Every structure is written in structure tokens, then in C-alpha cells.
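In: dropping a prediction and its sequence here:
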Amino acid sequence: MPATTASPARTRKTPAEPRVLENFYTVAEAAVRLKLRDADDPTTKGEKVLRDGVNLHGWPCHRYPNRLLFSDSDLAEIAELHRNRKDKRAGRRSPTSGYRPRRSRTKTPASGS
């Protein structure tokens, strides 16, 4: 029978920083926090954007039975995804860049009818 080695002794994991419970917001509250709509607006504007983002694009959220909840860190990550980035191709352009002068029209005599 081959010799077996003893399994390494289990070590206790040092406790990491205690987890802090974040604030959670419903889809309607998250739309207001992300400024997708005003707080006094009774429509559901902005909620569809959040739901589609979660379902189609994999935005971060917490799923609970029959509802989506967003934490502060989820909202920060969503806002970071949509932060306007400077276009690498954009820069100072000369006023004539992309300018193509018109062809000069040559005056042709009208055909006699």
C-alpha cells in the first residue's frame, strides 16, 4: 500500500473587514437616484431602461422574488458604465478638414428646341 500524506492542517481564516449592509432601492427609486426621471414624475419613465439593462446587458442588481433591487454600489457601477468618455479619435480639426470644394459649373448653352 503506498504511503499517504496527511492533509494540511486547517488554518483559520482571519476575519476580513465586516460587511456593511448597503442601502437598497427599488427600480422606481433607482431611476430617480440615477436621474432618469424626476421624483414627482408619476410615469414609469426610466424604469424600463433599468429593467432592460439588467435583463439584456447584465447590469448589476439584486434579484429577490418578483422584484429587482439596486444597492448603492450597483448604481455607482451603472453610472460608471455610462460615463461619457472622450472619443479617442476626436481632436482639433482644421476648419477645412473634410471640406471638398464644389465643382465649378461650366456654362453650357441651352440646347435649341
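Out: Looks like it arrived, so ask away. These numbers were taken from a predicted model, which means no experiment stands behind them.

In: which strand is the longest one in the protein?
Out: strand 67-71 (DSSP state E).

In: right, and the helix or strand after that one?
Out: helix 72-81 (DSSP states H and E).

In: what residues does that following helix touch?
Out: Residues outside helix 72-81 that contact it (C-beta atoms under 8 Å, 6 or more residues apart in numbering): 22-23, 25, 30, 33-34, 50, 53, 59-62, 70. To be clear about C-beta, it is placed using only N, CA and C from the backbone, and glycine gets the same treatment.

In: circling back to that earlier point, who's in contact with the longest strand of the chain?
Out: With C-beta under 8 Å, 6+ apart, strand 67-71 has contacts from 22-27, 30, 50-51, 54, 60-63, 78.

In: tell me the least confident of those residues?
Out: Lowest in pLDDT among those is residue 22, which has 85.

In: that one: neighbour count?
Out: 13 (other C-beta atoms under 10 Å).

In: host element of it?
Out: Short version, using DSSP H and E: residue 22 is in no helix or strand.

In: need the nearest residue in space to it, chain neighbours excluded.
Out: With sequence-adjacent residues excluded and distances taken as C-beta to C-beta, 6 or more residues apart in numbering, residue 22 is closest to residue 71, at 4.1 Å.

In: and that neighbour, how far is that from residue 40?
Out: The gap separating residue 71 from residue 40 is 24 Å, by C-beta to C-beta, to the nearest Å.

In: quick one, which of those two is more surrounded?
Out: residue 71 (17 against 6).

In: hey, where'd the strands end up in the chain?
Out: 24-25, 62-64, 67-71.

In: return the alpha-carbon coordinates of stretch 47-57 using PDB.
Out: What follows is stretch 47-57, C-alpha atoms only, in PDB (Å, rounded to 0.1, in the frame of the first residue of the first chain):
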ATOM      1  CA  GLU A  47     -37.700  52.100 -15.100                       C
ATOM      2  CA  LYS A  48     -37.700  50.300 -18.500                       C
ATOM      3  CA  VAL A  49     -34.200  51.400 -19.100                       C
ATOM      4  CA  LEU A  50     -33.100  49.800 -15.800                       C
ATOM      5  CA  ARG A  51     -35.000  46.600 -16.400                       C
ATOM      6  CA  ASP A  52     -33.700  46.200 -20.000                       C
ATOM      7  CA  GLY A  53     -30.200  47.000 -18.800                       C
ATOM      8  CA  VAL A  54     -30.400  44.200 -16.200                       C
ATOM      9  CA  ASN A  55     -32.100  41.700 -18.500                       C
ATOM     10  CA  LEU A  56     -30.300  42.400 -21.800                       C
ATOM     11  CA  HIS A  57     -26.900  43.900 -20.800                       C
END
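
In: fine by me, we can end here.
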